[in-house]
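1. sequence and computational prediction follow.
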Amino acid sequence: MAIDDLITLMERFISGDAISVADANRLEGLLLELAPEFPELEDLTDDLAQYRPEGGDYLHDFEWMKARVAYQLATLRAGLPS
């Protein structure tokens, strides 16, 4: 299920473990795919696109991105049925 994959990738991003470019791209793709159902995720997609490893200032603002992803993950989990 896409939502489970999204949550797993978000948790990996927050944990500080290395996230491959392929996983970062998958994370962005899932965010875009699920944005119609969870509109609050759309802004996070834009932010991740700026900070991914192959462009932007990913390492400089990594802690900020981890906080953004953690906040969105908590929001997402709160809105999901148990």
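-> It's in.
2. CA atoms for contacts and neighbours, from now on please.
-> OK.
3. could you point out which element follows the one helix or strand in the chain whose mean pLDDT sits lowest?
-> Of all helical and strand segments in the chain, the minimum by mean pLDDT, DSSP states H and E falls on helix 42-51, at a mean of 76. Where DSSP states H and E defines the elements, the next helix or strand beyond helix 42-51 is helix 62-79.
4. how about the nearest residue to Phe38, chain neighbours excluded?
-> Leu76 (7.7 Å; CA to CA, 6 or more residues apart in numbering).
5. pLDDT weak spots in this protein?
-> Flagging of the chain using pLDDT under 70 yields the residue ranges 17-18, 50-61, 82.
6. rewinding a little: which positions in the least confident helix or strand of the chain come out as buried?
-> Within helix 42-51, the residues that count as buried by 16 or more other CA atoms under 10 Å are 42, 44-45, 48-49, 51.
7. cool, stretch 73-82 as well?
-> Leu73.
8. what's next to it, contact-wise?
-> Contact with stretch 73-82 is made by 7, 10-11, 38, as judged by CA atoms under 8 Å, 6 or more residues apart in numbering.
9. so who does Leu41 touch?
-> 31-32, 34-35, 72.
10. quick one: which two of the residues you listed are the most distant?
-> Leu32 and Gln72 (13.9 Å; CA to CA).
11. if anything else comes up later, I'll come back, but that's it for now.
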